[in-house]
Structure formats: structure tokens, C-alpha cells
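Q: Test case, fold it:
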Amino acid sequence: MSDLPRWRERADAALQRALPDADQSPRRLHAAMRHAVLLGGKRMRPLLVHTAGAAFGADPAALDAPAVAVELIHAYSLVHDDLPAMDDDALRRGQPTVHVAFDEATAVLAGDALQSLAFEVLADTPVADAIRVELLRTLASAAGAAGMCGGQALDLDATGNGTALSVVQLERLHSLKTGALIRAAVRMGALCGDASPDELQRLDRYAAALGLAFQVRDDILDIEGDSATLGKTAGKDVAQDKATFPALIGLDASRARLQELRAAMDDALAPFGERANGLAELGRMAIERDR
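A: The predicted structure follows:
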């Protein structure tokens, strides 16, 4: 039986505990933060922390903080990504986006506060000091200009001229925008266990393929999915002339690329055997999901 439902329940409970009470002042800000985090979501990144950690014998109690921290960073990025100055979206996880449910200023502050809270939580991880510092370094690097924010900047530069990028450039964009946080989630889980440098490198290969596969599938779903199923506005990429894999190489080639990435994930995980079953399952979910 899969451990993913149990880890999902644990991650949700830890997120509930970490977020400020909506009844405490400033109530509007706290309510917006909870709206951004708790109303659905796949919890892919917390699950990656737990599956990677379990594969290397990490104490589950040590995994709660990095699992929460990476999801808070992800949630903050979505709040800001949905703003009118960015992707200007009104729907996220089947709910009104934060700036729609509240207002733009509150959405900006909620995103800022979620980012700060992520590092506050991560700083309390019950591990050795050296590992805690490495966890902080890993997440900070993945979230900043060398990672997620840098990828978002490249995406903004390409929006409105979606076929101007080469496939290599598009893959680099998404290795930063989506892949960096996914790699950080896997690495943080393994760092809390006994993973060796060589094993961490192999996990980075798995995570790089997973991050790219996640985005290729996202691009396909934007064309083939519907808003009710996706929980966000379908067809936005085409409408905004964004750089996507189907726009550059077509749907059939995008599906073929997904299978190449599936093989790359399997190859990276093969030496770990059954202890990597959870990571393999998350890889399959990323490729086969319908939302």
C-alpha cells in the first residue's frame, strides 16, 4: 500500500500548525495566507520531501519542517504569479486567487509573509546544525534569482513571443521556474537522512527530469484540460502567447518527451531499488495527472 496518503495527511496537519490563526490580528493578512495554502493543491513538494527522506531513513519529525517550508515557498510563488502584474489569473486550485478573494495589496503581503514564514519554520528543523544550514541554503538558492524567481523572469521575458525561445532555452527556463523547487524538496528530504554525495547527485538527476516532466504535462493540460478539472484557467498559455512545449514542438513530440523523462527518472532511481518506490510513484503521478 502506498505511503503517500499518510504523508499527505501529515504534511497538511503540519501546514495547519505552522500558519497563523485567522482570528489573530492582522486577521485579513492571516486569512489570506491560509487561503493561499490550505485550499487544495497536490502537495507534490512536501510529498517529495517525505518520500526522499524515508528512502534514506530520516526521522519523520525532522521532515515536517522542510516539507512545510517548501510548500510555503510554492504557495507564495503562486500568489504572486497570479497577480495582475504577472499572469493575471482569477482561479487557483478551484478557488478565487488571493488578490481576487481579498485585494492586490493583501496578496502581495501574504506572499511576502509566506516566504518569511518558510525560513522561520525551516530554521527550527530538529537536525544537526550543519544539516540545518544546508537545508536553509538549499531552499534559499532554489527560491531566488538562481532558481524559481530567475525562471519566472525568463518566462515574463518570453510571454507574448512564445515561439522565440529554442527548446534548450525553454527547458532551462523551466528547470529554474519549476524544477529548482522540486530539486530542493528531494534534496532536503535526503539531507535529513543518510544520503551520500553520490546518492544526492543521482537524486538531482531524478528531480531534474521530474521537474521538467511536470511542466511538459502542465503545458499539455493547458490545451487539453478544462478549467473545472484543472482548478485554474485553461487555455491561458495560448491566449498569452507563452513559451510552451506544444507551441515549440507540437503535442505529439511533447508526449514523446514525457516518456523520455519517465525513462530518465527510472534510470536515476534504479540503484535505490524498492526504497525509492515512493519517488517513482510521484514521478508517474506527475506524468499521468489530469490537473
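Q: What residues sit buried inside the helix or strand where L279 lies?
A: Here L279 sits within helix 277-288, counting by DSSP states H and E. Under the neighbour-count criterion of 16 or more other Cβ atoms under 10 Å, helix 277-288 has N277, G278, L279, A280, L282, G283, M285, A286, I287 buried. (Each C-beta comes from the backbone N, C-alpha and C, glycine too.)
Q: same check, this time on stretch 15-23
A: The neighbour-count check on stretch 15-23 (16+ other Cβ under 10 Å) flags L15, A18, L19, P20 as buried.
Q: What distance do you get for A101 to A85?
A: 17 Å (Cβ to Cβ, to the nearest Å).
Q: Comparing those two, which residue is more hemmed in?
A: A101 (17 against 10; other Cβ atoms under 10 Å).
Q: If we ignore the residues flanking it in sequence, what's nearest the more buried one?
A: H35 (5.8 Å; Cβ to Cβ, 6 or more residues apart in numbering).
Q: so which strand or helix has the one you found?
A: helix 27-38.
Q: residues in contact with that helix?
A: Contacting residues not belonging to helix 27-38 are listed as 12, 15-16, 19-24, 71-72, 75-76, 78-79, 95, 98, 101-102, 106-107, 109-111, 113-114, 117 [Cβ atoms under 8 Å, 6 or more residues apart in numbering].
Q: Run through this protein and note the low-pLDDT ranges.
A: The chain contains residues with pLDDT under 70 at 1, 162-163, 226-240.
Q: So which of the contacts of helix 27-38 are in helices?
A: Applying DSSP state H to those, the entries found in helices are 12, 15-16, 71-72, 75-76, 78-79, 98, 101, 106-107, 109-111, 113-114, 117.
Q: which residue ranges form the strands in the stretch 51-200 of the chain?
A: 91-92, 95-96 (DSSP state E, counting those that start in this stretch).
Q: Give the partner strands of the last one in its sheet and their orientations.
A: This means strand 95-96. According to DSSP bridges, strand 95-96 forms sheet pairs with strand 91-92 (antiparallel).
Q: Thanks a lot, see you next time.
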